[in-house]
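[1] With the sequence up front, the predicted model follows.
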Amino acid sequence: MSTVRAHDMDGGVESGVSSRKPAPEVMLAELHVLRDEHPLWDSRLFRAFEIGSLDKRDMRYIFSQYQLYSRSFTRFISALMANCDNDLFRSRLSENLWEEGGGCEPSRRHAEIFRTFLRTSLEIESPEETKFDAHTQYFVREYLTYCLANDALSGAAFLSLGTESIVPRMYTSFVTGLRKAAFRDEELEFFHLHIACDDEHAETLEQIMLSYAGEPRWFDACKRAMKRALDLRLEFFERLVDELQRRRLDSTVARINDGVSLCPLAAKPTDIRHRAADAGPALYQNQDAAKNIDFAVTRIPLAAEVLDPRKVVIPAGKSNERHRHAHETFLYFLEGTGKVEVDAQTVEVSAGDSVLVPRWALHQTTNTGDVPLQFVAVTDYQLTKRAYVGDAKAYRLDESANAHRSE
């Protein structure tokens, strides 16, 4: 237990721990550590931004919802001002409000810069008409309620440690994902502006918080306020991902329930049949002599909504990669002999055999014969690439994820 937390325990001092209260800078440093280790930073949303698995349509939903928070931010600062009895600090907070409001150019207020991003870059014609989800409204409502209902110490810690001080790290992650989704830096003015200026805003709020450092249980009060802000944001981000997944799958679910054939009325034979003699487009191949890997994958050019058929050829004595992925796979062997490892199981295969590879199972196929081993692999990749908010390629060769399965 740290000296800071021991000091703030009920009963005053834990046995064997100095009763001298730590200096404010020591307590503040520990609060910063707690902030930086909060589960927020491991949220699915941040991971998706960092690996670049969000496209423009995803961004349109995420940031159209986020605008309610953006345009409400001055209300949070105003609520803290109303609870702050120090006129100097109120004047400093009014500076923050002045900057947020665009100073002498209200048309340059931060909320409007964000709306410009929504209109021009995300092509949302009327962002002010966005219908906000229940979880978005809850997030903003709880933020405002906290700032209104708590004293200046708690409000300052909430908005400093739990809000403004996380902006540079948070928006840097957003910028990373936006760049990977092909947005240009000149379109990201709102984020760059806040990465540059919010350290100063956080410092003002931090000074207010530190002015109360002499009060009993100051550390606990700051910790609770910070945690509440970070918890609210984490819950909001997780609900955004949940809704994003639902939206990605809505059209597929709707077509399933419509009961209408998806086969075109004027379908050509090549739309529903691929002849063995016809070559398919190359999809992937790899050779690694050190690992005895040599194989090629071609796509079977039949367009399906969920299924993704492929043909795999492995030369004699060679293997494909040992890998894993979100999609489940049905293997049907056309020619040759070999073996397939699926997690801890190994089965021998020959022409006419079938193998099922469950989702995320580590698997590898090896040609044990004298002729090329050929098989068809049918996956539900067209489903999982929408349902999985992440980058399946980042996990594809990660054997450590299933290490426990071989114990």
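    Looks like it came in fine.
[2] so where does Gln287 fall, helix or strand?
    Per DSSP states H and E: Gln287 is located in strand 282-288.
[3] quick one: buried residues of the next helix or strand after that strand?
    Downstream of strand 282-288, the next assigned helix or strand under DSSP H and E is strand 293-299. Buried residues in strand 293-299, counted by 16 or more other CB atoms under 10 Å: 293-298. Glycine gets a C-beta too; all of them are placed from N, C-alpha and C.
[4] Strand 293-299: how far from the chain's middle?
    Counting by CA atoms, centre = their mean, to the nearest Å, strand 293-299 is centred 31 Å from the centre of its parent chain.
[5] which residues touch that strand?
    Here strand 293-299 makes contact (CB atoms under 8 Å, 6 or more residues apart in numbering) with 279-288, 308-315, 318-321, 377.
[6] cutoff 10 Å now
    274, 279-288, 308-322, 364-367, 372-373, 377 (CB atoms under 10 Å, 6 or more residues apart in numbering).
[7] any low-confidence regions in this protein?
    Applying pLDDT under 70 to the chain picks out residues 1-19, 101-107, 198-200, 392-395, 397-407.
[8] For it, just list every one of the helices.
    With helices called from DSSP state H, the chain shows them at 3-7, 24-36, 44-51, 56-83, 87-100, 110-116, 134-149, 152-160, 167-180, 189-210, 218-258, 269-272, 381-387, 392-395.
[9] Can you say which of those is nearest to Ala303?
    helix 269-272 (7.5 Å; CB to CB).
[10] With respect to Asn96, which of the buried residues of strand 293-299 is nearest?
    When the buried residues of strand 293-299 are compared against Asn96 (criterion: CB to CB), the nearest one is Val297, at 55.7 Å.
[11] Name the residue closest to the centre of the chain, please.
    With the centre of the chain defined as its mean C-alpha position, the nearest residue by CA atoms, centre = their mean is Leu45, 2.0 Å away.
[12] Looking at the contacts of strand 293-299, which are in strands?
    Assigned to strands by DSSP state E, the following of the contacts of strand 293-299 qualify: 282-288, 308-314, 364-367, 373, 377.
[13] just the buried members of these?
    308-314, 364-367, 373, 377.
[14] what's the burial count for Arg169?
    14 (other CB atoms under 10 Å).
[15] need the contact list for it.
    Counting by CB under 10 Å, 6+ apart, Arg169 makes contact with 35-36, 40-41, 46, 195.
[16] Take the buried residues of strand 293-299 and lay them out in a markdown table including distance to Ile124.
    As requested, those are arranged in a markdown table below (distance: CB to CB, whole Å):
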| residue | distance to Ile124 |
| --- | --- |
| Ile293 | 46 |
| Asp294 | 49 |
| Phe295 | 45 |
| Ala296 | 43 |
| Val297 | 39 |
| Thr298 | 40 |
